[in-house]
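Undergrad: what would the 3D arrangement of this be:
(3 chains)
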Amino acid sequence: MTPENIAPDQRSAAPARRHIEHFVADFAETPLQATDKVKEDQAPLSLWGEAWKNLRRQPLFLISAFLILVVVAVSLFPSLFSGIDPASEACQLANSDAGPAAGHPLGFTQQGCDVYARVIFGTRSSVTVGLFTTLGVLLIGGIMGALAGYYGGWVDAVLARVNDIFFALPLILGAIVMMQLPVFRTNRTAWTLVLILVTFGWPQIARITRGAVIEVRNADFVTAARSLGVSKFGALLRHVLPNSLAPIIVVATISLGTFIVAESTLSFLGIGLPPSVMSWGNDIQAAQASLRSNPMPLLWPAIALSITVLSFIMLGDALRDALDPKARKR
Amino acid sequence: MRFSRTSKALGVMAIAALALTGCGGGGSTAGGSTGGGASKVIIADGSEPQRPLMPADTNEVGGGKVIDLIFAGLVSYDPSGKPVNELAESIEGKDGKNFTIKLKKDQKFTNGEAITAKTFVDSWNFGAAAKNAQLSGSFFESIKGYDEASAEGSKVETMSGLKVVDDLTFTVELKQPESDWPLRLGYSAFVPVPSGALKDPKGFGEKPVGNGPYKLADGGWQHNVQIQLVPNPEYNGPRKAKNAGVTFKIFQNDDAAYQDLLSNNLDILQTIPTSALKNFKSDLGDRTINKPYAGNQTIAIPEYLPEWSGEAGKLRRQALSMAINRDEITKVIFSGARQPAKDFTAPVLDGYSDSIPGSENLKFDAEKAKATWAKADAIQKWDANKTFTIAYNADKGGHKAWVEAVVNQLKNTLGIKVEGKPYATFKEARNDATAGTLTGSIRAGWQADYPSLYNFLGPIYKTGAGSNDARYANPAFDKAISDGLAASSVSEGNKAMNKAQEILLTDLPAIPLWYQVAQGGWSDKVTNVDYGWNGVPLYYNISGK
Amino acid sequence: MATYILKRFLQLIPVFLGATLLVYFLVFSLPGDPIVALFGDKPVNEAVAARLREQYHLDQPFWIQYLLYLKGIFTFDLGQDFSGRPIAAVLGEVFPVTARLAVMALIFEAVFGIIFGLIAGLRKGKFFDGTVLVASLIVIGIPIFVLGFLLQFTIGVQLGWAKPTVSSAATVQDLILPAIVLGLGSFAYVLRLTRTSVIENMNADYVRTATAKGLSRFRVVRVHILRNSLIPVITFLGADLGALMGGAIVTEGIFNVPGVGNRLYRAVTQGEGPTVVSIVTVLVLIYVVSNLLVDLLYAWLDPRIRYDA
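TA: Numbers count the residues shown, from 1 in each chain, chains lettered A, B, ... in the order given. Okay, the predicted model is just below:
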């Protein structure tokens, strides 16, 4: 037997056996009965409960949670963070590309708008697009991918092929068509973009999930759980999915940033949010024209975007560590 | 062995990669000879023609540039826009309605076919007949018999106004007097095409045979990559090639072309992209040009929208016009690549005037704008919740920045809600404009097809005209335009056209913003660069250093 | 296994029908009349427009248009684009260029992503790990149209190390810079996927066993950690190959690459239905095949993975 053939994770299947020492001893000498005895007065911690216990103590988690709270606060109450409301105070062309001034710490854009105020007020749309698109693709792609990978056979054939069809659809084609639906013609918001990006973004997560599930579904602990009488679907939920989460978390956290940037790229192609909706993507796109003469209006929203992505990547790392007992420091 | 399996996988990947990458190639590189002077091949920027290279089927710049170089018509335009005879010996007409056209002797296409009066008449009839579906067919609309030939499902293939007199002479009868008609003859739709083109237009459009200063090189049209032209040694007109050829390298956007220019991979770039407007003078030094040409930009406001009709609508349009600070936008957003508009035409044209009565409506005056807006409000109240939109196409042209600037100025001056409304594609924007389903204003740019004031007025503002996006209808204006066309001379005609403009400047069916300025640059390998009246470089005149 | 592969190929038929139908429907519902747009701001001659609509079957209802297109495919005639050229010829021009670009980008992101991800994972929380995190944040946080422009300007124009745009032949050398720009976005994914997998596998029992067995560090990393960490990376790369083949509209635009993305974008904005559908059909084929390859690779990398035939 080669070492690789040992399943990477047996904990979830049999949590109580974690402390067994790996040496061979005479059966009679081993106090197996005592070790395996379930402590009946103590409720077992669920997988997530244990993860939470670990998470609370991680500095990585605390920092990222704090950053995310700040970002959410800014997007909910932008006027608390900026005295200028760019929606009501139109920009003065006379200030075009001007540097920082009193009350305008980050200077002005080409249109003469206050960069700081726009970054603050653009947070809501951008975070909405990033966060909710990610949740959307996780939900749809996760379910489709998990079912396809776990059940295989005709379920996989159908779901994975639907996946292929959607993957091949050009995003711009879909975006142009969807933007023209009567509902969105007059009222185009960040939610429109969420819908479009979810429609065309889920196949990636679906494939990653499918791959991760295929990797885990034949692991020994899944077989063990099944032979202990866990239903097939129950094994998927309780044993396969939690052990497939790592790559999904990685892709999802990076995608969060990719989706915010995708909004910018769509604006670049002329099919993003209307200019009246403030967003980091819109600002990055608008600042691109004067990149060589005045790069600052581009840099600030990009920094805001990077910090947001960073905090979610850190959160993802912390969550993954918390869920994976092997990566924990012993 | 697991070890070797991993390496095998890597090996397979590498081989697959090599196989895929190795099969690249084919086609020659866009590169000219290194020699100087007349032996230099000029590398210029171009775009992929939308249709086969058939003159009467080409109506956009990508194909137009090529057509203009490989074909010669009756006249061509000199750099100032004055028509110069090419194939025409003379074009005579006394009443502005009947013209007699005499051709020069011994003119040939590059395949040896002779160019006679019949060649012209056949080419024009072909362009006008509906069954041939040529996009520029409407350029023949003034000729008698056009309506019959171009009607849907028509079996008529000739226009009754065209008559061959002898080998070198033909006559043209127009529907009504149009004094500026001969000015139009330099447009690409009016060039002659060999008889083979009429039999197989599609095949011809792939490998066009012309009579201009250049001809298409063998296999010269490499789609989406480049179009190579070589000089036509038999050409003896006014546009003789002073270089060893022109290669149009096809670009998807001007930004890429600009980077190529900076690295000397491109010899001439027609238009400096907006992203480089602030840097190009320091990048290129004196290898740039800044020359106004016959084009302008306006915002058309449809009169079918209730709040923009009648007297109140007119006052509001005047208020909008006076609330826009054209000087500031042309300076800040365009770095001088546009000139504030003073009328509806363009300054390079014969007959242009910057002081037509009413042109004060195009001057920025915040106080007067507010007062005029209030006056309109007294007639019909403006709904404060209503948003005035300025529509533009976002796929090309870089309109977003200036639309935003105008939006902000209108907000600041008039205190109303204004928004830019991007259309994803030009085609959607055109669709709403031609169908009359706009919900706000729309930007409208006009590039002259031929150097005449009428070209900026008639096709856009006459009642029922094809490009009348504003659905403007004013009998007084229509009359003034007809008077101008019936005038005995071009200069009389111009006076009448400017009279017609007085009406436009009060009514403002569209708000003129600025004139186009050709702002281009070239590499240090070429010299003698000048631009034509239409903002296109005179490629034939460029030579190597 | 052969039956499995055969089955997968049979699945191509419904995928092909579904994809073409869906795409044709999307193109059909694109706003704006493509024929009107051909006239630009010039007046529309209704008679001419009617002729052109007839020529491109645009006067027919959706089903007829779609069936006509299908019929065309089975008679090896994909139709013509608006400049009158056979679409098959257009496909033959754009796909080789994009294939070169995509494979180069894939190699770039795979090689650097896996190497950097491996090192970052092995040295979790150390300086190198932090550095690549910041680097990947830059790649994620700045859109490709900005990054591409910056690299083109600095490396192409100012330093002159590469041509700022590709030449007409689009050779491998020309495509190096575009491929790097194109691969940068996915590079962050590959890097972090590898890193996470490595961290997960580093503490696996079999790695400890291997180390305890006295195997060299190099061998442990290469055979036991890396190999077992590759499945999510391979999944991602397989999907990404398809995405890259779909053409990178922005990257191809910046470097003027005459490839799929550029042509597809033009076809979409001009409403050239048959061109769009033909390109997408080829893409679907590529996706299905790359997906199959990935599935076969799973079984190869991890013998526990089996497919029911």
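Undergrad: so residue B:215 sits against residue B:70, correct?
TA: Yes: if you go by CB atoms under 8 Å, residue B:215 and residue B:70 touch, sitting 5.8 Å apart. Where you see a C-beta, it was placed from the backbone N, CA and C, and this is true even at glycine.
Undergrad: secondary structure element holding whatever residue of the stretch 101-250 of chain C ends up closest to chain B?
TA: Nearest residue of the stretch 101-250 of chain C to chain B (CB to the nearest CB) works out as residue C:164 at 3.7 Å. Assigned by DSSP states H and E, residue C:164 falls within no helix or strand.
Undergrad: what's the answer for residue B:420, then?
TA: Following DSSP H and E, one finds residue B:420 within strand B:417-423.
Undergrad: tell me the helix or strand right after the lowest-mean-pLDDT helix or strand in chain A.
TA: In chain A, no helix or strand scores lower on mean pLDDT, DSSP states H and E than helix A:32-36, which sits at a mean of 61. Counting by DSSP H and E, the next helix or strand C-terminal to helix A:32-36 is helix A:47-55.
Undergrad: report whether that following helix contacts chain C.
TA: No: against chain C, helix A:47-55 shows no contacts by CB under 8 Å from any CB of the partner chain, the least distance being 14.6 Å.
Undergrad: packing partners for that helix?
TA: Counting contacts by 3 or more CB pairs under 8 Å, 6 or more residues apart in numbering or on different chains; DSSP states H and E, helix A:47-55 packs against helix A:296-323.
Undergrad: tilt between the helix it packs on and helix A:47-55?
TA: With axes from the mean of the first three to the mean of the last three CA atoms, to 10 degrees applied, the angle from helix A:296-323 to helix A:47-55 works out at 120 degrees.
Undergrad: any regions of chain A where pLDDT drops low?
TA: A:1-47, A:185-186, A:325-330 (pLDDT under 70).
Undergrad: residues from it in reach of chain B?
TA: Going by CB under 8 Å from any CB, the residues of chain A near chain B are A:2, A:4, A:90-94, A:96, A:110-112, A:175-176, A:179-180, A:269-271, A:274-276, A:286, A:288-293.
Undergrad: swap the cut-off to 6 Å and go again
TA: By CB under 6 Å from any CB of the partner chain, the residues of chain A that approach chain B are A:90-91, A:93, A:96, A:111, A:176, A:270-271, A:275-276, A:289, A:292-293.
Undergrad: hang on, the residue of the stretch 101-250 of chain C closest to chain B packs against residue C:156?
TA: Yes: with contacts counted by CB atoms under 6 Å, residue C:164 reaches residue C:156, the gap being 3.4 Å.
Undergrad: these two: which is more packed in?
TA: residue C:164 (27 against 22; other CB atoms under 10 Å in any protein chain shown).
Undergrad: measure the more buried one to chain A for me?
TA: 14 Å (CB to the nearest CB, to the nearest Å).
Undergrad: kindly report the same for residue B:465.
TA: 28 Å.
Undergrad: that residue - how many residues pack around it?
TA: Considering only other CB under 10 Å, residue B:465 is surrounded by 18 other residues.
Undergrad: what's the closest non-adjacent residue to it?
TA: In space, residue B:465 comes closest to residue B:459 once its chain neighbours are excluded; the distance is 5.4 Å by CB to CB, 6 or more residues apart in numbering or on different chains.
Undergrad: show me what the helix or strand where that neighbour lies is in contact with.
TA: Assigned by DSSP H and E, residue B:459 falls within helix B:453-461. With CB atoms under 6 Å, 6 or more residues apart in numbering or on different chains as the test, helix B:453-461 has contacts from B:180, B:344-345, B:349, B:351, B:448-449, B:465, B:467, B:472, B:481, B:494, B:497, B:509.
Undergrad: buried stuff in the helix or strand harbouring residue A:143?
TA: Following DSSP H and E, one finds residue A:143 within helix A:115-151. For helix A:115-151, a neighbour-count test (16 or more other CB atoms under 10 Å in any protein chain shown) marks A:115-134, A:136-138, A:140-142, A:144-151 as buried.
Undergrad: which elements pack onto that helix?
TA: Contact here means 3 or more CB pairs under 6 Å, 6 or more residues apart in numbering or on different chains; DSSP states H and E; on that basis helix A:115-151 packs against helix A:59-76, helix A:153-168, helix A:190-217, helix A:241-268, helix A:280-288, helix A:296-323.
Undergrad: just the angle between the second one and helix A:115-151, please?
TA: Using the same axes, to 10 degrees, the inter-axis angle of helix A:153-168 relative to helix A:115-151 is 150 degrees.
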